[in-house]
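Build me a structure from this.
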Amino acid sequence: MLREGRRLRGIFNGLPSPAIVEMCAYAGFDFVIIDNEHGSAGFGTTEHMLRAARASGIVPVVRCFEADLARVLDMGASAVQIPMVQDAAQARRLVEKLRYPPHGQRGSAFSTRAAGYGAFGGDGHTRRSNTGVALIPMIETPEAVAAAAEIAAVEGVDAVFIGPNDLSHAMGHGSDWKAAPVQAVIAAGLRAITGAGTCAGILALGPEDEERYAVLGARYFANVSTSLITRAFAQAARPDGEAALRY
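A predicted model of the protein is given here:
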């Protein structure tokens, strides 16, 4: 999907709920990002959410810390999205942890869910994992965005996602990631990623965001489940006028 060239629409979900994952699938999203950076799901619930994704036909990405990468991969994530990647050296280290030898240093175990608990382990599982599991570094500081082209060019990086909220904070603009200086850095980052021939991703909370960033080359767009749900609840609670809500 990341190599097809079309726009992809997904959703961050930090709620520890397999049902939400299924709802994202039935709503028509291309992918769901199970958010293990800011969400509250433990490993057991994460595994159930991965099962729900497989059963309902949506691609499951897991946003996780580097230290949790091995366990998330063995649970069967289709992709991993790693926050706060700062440079190409860190991206190369992540590739090493993601790929089995000879392409990396991932530890091998065929008793895991990813290998069908041994039902389809062995060399076939190794090949499928090395070619089919995507790595998506997140760049969220001015320094990381300045290195976007180098990060995107690392062999084994399948997409690069710019995190606008943390970027805005790092630049001194607080939560105002729509501020002109922040948007200028985002634009430069998206151009650098696409210029390296890699899929560029960004938060898009509505059609206007998507169109703005698509012009700059982005095509991996993510909304936020709690933002959509809370907005819908607020509209239901105040049918005469929408409550003021901010991501």
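
Could I get the contacting residues of Val61?
For Val61, the contact set (Cβ atoms under 8 Å, 6 or more residues apart in numbering) comprises Gly10, Phe31, Val32, Ile33, Ile34, Ala77, Ser78, Ala79, Val80, Gln81, Ala134, Ile136. Bear in mind the C-beta positions are built from the backbone N, C-alpha and C, glycine included.

Reformat these as CSV; add secondary structure.
CSV is the format used below for the contacts of Val61 (DSSP: H, G, I helix; E, B strand; the rest coil):
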residue, secondary structure
Gly10, strand
Phe31, strand
Val32, strand
Ile33, strand
Ile34, strand
Ala77, coil
Ser78, coil
Ala79, strand
Val80, strand
Gln81, strand
Ala134, strand
Ile136, strand
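
Which one of those residues is nearest to Val224?
Val224 has its nearest neighbour among these in Ile33, at 9.3 Å by Cβ to Cβ.

isn't that closest one right up against Leu8?
No - look at Ile33 against Leu8 with Cβ atoms under 8 Å: they stay out of range, at 11.4 Å.

More neighbours: the two, which one.
Set Ile33 next to Leu8 and count neighbours by other Cβ atoms under 10 Å: Ile33 wins out with 29 against 19.

what residues are up against Val145?
Contacts here follow Cβ under 8 Å, 6+ apart; on that basis Val145 touches Ile139, Ile162, Leu167, Val185, Ile186, Ala188, Gly189, Ala192.

Name only those of these that count as buried.
Those of those that meet the buried threshold are Ile139, Ile162, Leu167, Val185, Ile186, Ala188, Gly189, Ala192, by 16 or more other Cβ atoms under 10 Å.

Quickly check those residues for the two that are furthest apart.
Taking Cβ to Cβ as the measure, the buried ones among the contacts of Val145 have their most distant pair in Leu167 and Ala192, spaced 13.8 Å apart.
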